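[1] Got a sequence here, can you build the structure:
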Amino acid sequence: MSNLSGFVKRLRDIMRNDAGINGDAQRIEQIAWMLFLKVYDEKEKDWEMDENDYVSIIPEECRWINWAHDDKSGKAVTGDRLLDFVNNTLFPTLKNLPVNKNTPIKKAIVQTTFEDANNYMKDGVLLRQVINIIDDLDLSDYEESHAFGEIYESILKELQSAGSAGEFYTPRAVTDFMAKMIQPRIGEKMADFACGTGGFLTSWLKELDSRINDTSDRQEYNNSIYGMEKKQFPYMLCITNMLLHDIDVPKVYHDNSLTNDLLDYTEKDRFDVILMNPPYGGSEKADVKGHFPDDLASSETADLFMAVIMYRLKTNGRAAVILPDGFLFGTDNAKINIKKKLLNDFNLHTVVRMPSSVFAPYTSITTNILFFDRTHPTEETWFYRLDMPGEYKHFSKTKPMRLDHFDPVIEWWNDRKPITVDGFDKAKKYTADQLRDEFGYNLDLCGYPHIEEEILDPMDLIQRYQEERASLNAEIDRVLNKITDILGIENI
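    This is a model prediction of the structure:
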């Protein structure tokens, strides 16, 4: 295809005329399952060349090359016949493929990718037009395949403005920064237990790729990732993403990481590196908390994922995790106990405070990156506030965060010094004893001193108000505790 740059727009323009497509979220999901089958078809061609006895798990009539490919002879199925085939043969067949524990991952992913997928289009002629554009992709050509990887990234970015689907996309600048600072090593296994579309997995692979020297390293590279995603749609996008990155056997599973008993994990379930942006602001079913020790059980998903991360990080392992401000200053029992465990059993060495609009337009809630390892108990923690670049008032869809916006913290990282700006701490270290005794596990330090007027989404406004109120309450409690200690009276 000569015009890759207009790929998404061409598909969108056709789908706008189809009565079955309602909004960007459905449009992207429609594109996603067709892209998966196109990419999988290209992979199968390679596997058939490399393996003499390769047999596809997909029945012949349902393989992309046999129903979707248009050889320009005028015989390509279209209209009502195409719709009938897709709805009544293709989808039922792929949803019910015979899969068991012995099925190779690269075959089983077809069934798990389609088990909750949908065809929304109702016009078979328009569906044929969309299929032809996708089929024209020449993924066997290295340059075009590489270029399409960039186009696929733009499709994932569309999720930011596709309603609730936006929760699946972490800006690439953030995932790249975290992967860069974690410094991947050949032979390590990295995990993301809520991997969405695979942003952290791809950033890890990109960073690791520069360290490959031989075929043995390449094999380690191919086996270096593990992902799990609860929701079917981002899982589908992630699998396609991994295939596009030449991971032929993507160890990415369609499952919920929170439904396994935390205390059942053994050494074989642990990883060298964990990179994550856990879902936050939501809650799980009450029975999910039953999988966690009483002191760590919480109704907040981010807290539960933090507990999973701590139990699944290897000794000497490293982690970088995005968490909202509410985790830093939270005073409920679960958050306090998680932070106690984090300081007592792990080395929380760095907290990077990020500007509030990093995830715009999906949310304006302020987030932070916690870097820690499982080497020894925390002795001291550095906090660094990453300020908005001078030319920006806020990030947006048209002016997103870029990797170079992290340059100040990267420069500071290896030569750490306290920084004060206009009388406010921008970078400062605290001992673990200070975080425990002086601040009562309130990690809301080196925050943003200047609050500019913002117009927030109502739900963001409510959450911001609740977080600020909790922060003030925590500060009042801390001061009162110090006063009562000085006066020698028991806390009320």
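[2] okay, CA-based contacts and neighbour counts for the rest of this
    Will do.
[3] quick one: contacts for the spatially closest residue to residue 260 that is not a sequence neighbour?
    Spatial nearest neighbour of residue 260, chain neighbours left out: residue 291 (6.1 Å); criterion: Cα to Cα, 6 or more residues apart in numbering. Taking Cα atoms under 8 Å, 6 or more residues apart in numbering, we find residue 291 in contact with 258, 259, 260, 261, 262.
[4] can you pull the pLDDT of the residue nearest to the last one when sequence neighbours are not counted?
    The spatial neighbour of residue 262 that comes closest, neighbours along the chain excluded (Cα to Cα, 6+ apart), is residue 292 at 5.6 Å. Residue 292 is assigned a pLDDT of 92 by the prediction.
[5] what's the answer for the one 10 residues further on, then?
    At residue 302, the model reports a pLDDT of 91.
[6] Does the closest residue in space to residue 348 that isn't next to it in sequence belong to a helix, a strand or coil?
    Residue nearest to residue 348 in three dimensions, not counting chain neighbours: residue 372, with 4.2 Å by Cα to Cα, 6+ apart. Taking DSSP: H, G, I helix; E, B strand; the rest coil as the rule, one finds residue 372 in the strand state.
[7] what is residue 372 paired to in the beta sheet?
    Residue 372 forms beta bridges with residue 319, residue 348, as assigned by DSSP bridges.
[8] quick one: it and residue 415, what's the gap?
    Going from residue 372 to residue 415 by Cα to Cα, to the nearest Å gives 18 Å.
[9] Same drill for these two, tell me which one is more crowded.
    residue 372 (24 against 7; other Cα atoms under 10 Å).
[10] Would you map the helices across the stretch 51-200 of the chain?
    64-67, 79-85, 91-95, 105-114, 124-135, 142-157, 172-182, 199-209 (DSSP state H, counting those that start in this stretch).
[11] Quick check: phi and psi at residue 324.
    Note on residue 324: its backbone torsions stand at phi -70, psi 160 [degrees, to the nearest 10].
[12] Excluding chain neighbours, what is closest to it?
    Ranked by Cα to Cα, 6+ apart and with sequence neighbours excluded, the top spatial neighbour of residue 324 is residue 367, at 4.2 Å.
[13] pLDDT weak spots in the stretch 251-400 of the chain?
    By pLDDT under 70, the low-scoring segments of the stretch 251-400 of the chain are 281-284, 361-362.
[14] And the strands in it?
    252-254, 271-276, 313-324, 347-353, 367-373, 380-385 (DSSP state E, counting those that start in this stretch).
[15] Just say which of those strands is most tucked in.
    Of all these, strand 271-276 has the most neighbours on average by mean count of other Cα atoms under 10 Å, namely a mean of 26.
[16] who touches residue 425 in this structure?
    The contact partners of residue 425, taken as Cα under 8 Å, 6+ apart, are 418, 419, 446, 447.
[17] bridging residues for the second one?
    The reference is to residue 419. Per DSSP bridges, the residues bridged to residue 419 are residue 427.
[18] What is the neighbour count of it?
    15.
[19] Just confirm it contacts residue 428, I think it does.
    Yes. Under the criterion of Cα atoms under 8 Å, residue 419 makes contact with residue 428 at 6.7 Å.
[20] quick one, domains of the chain?
    Per the record, the chain has its domains at 4-141, 157-455, by automatic domain parsing.
[21] one step back: how about the contacts of residue 425, which pair is most distant?
    Farthest apart among the contacts of residue 425 by Cα to Cα are 418 and 447. That separation is 14.0 Å.
[22] Just want to know which of those two has more residues nearby.
    Set residue 418 next to residue 447 and count neighbours by other Cα under 10 Å: residue 447 wins out with 21 against 13.
[23] hang on, that one packs against residue 352?
    No. Residue 447 lies out of contact with residue 352 (Cα under 8 Å); the separation is 9.8 Å.
[24] okay, and the common contacts of the two?
    Common neighbours of residue 447 and residue 352 (Cα under 8 Å, 6+ apart) are residue 385.
[25] Can you add distance to residue 481 and give the domains of the chain back as a markdown table?
    Listed next are those as a markdown table, based on distance: least, Cα to Cα, whole Å:
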| stretch | distance to residue 481 |
| --- | --- |
| domain 4-141 | 50 |
| domain 157-455 | 9 |
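[26] Deepest-packed of those domains, please.
    Between these, domain 157-455 has the highest mean count of neighbours, a mean of 19, where neighbours are mean count of other Cα under 10 Å.
[27] is it true that residue 308 touches residue 263?
    No. Counting by Cα under 8 Å, no contact exists between residue 308 and residue 263, whose distance comes to 9.8 Å.
[28] Could you take the strands of the stretch 251-400 of the chain and lay them out as CSV, with extra columns for distance to residue 34?
    Converted to CSV, those look like this (distance: least, Cα to Cα, whole Å):
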stretch, distance to residue 34
strand 252-254, 19
strand 271-276, 28
strand 313-324, 32
strand 347-353, 39
strand 367-373, 34
strand 380-385, 43
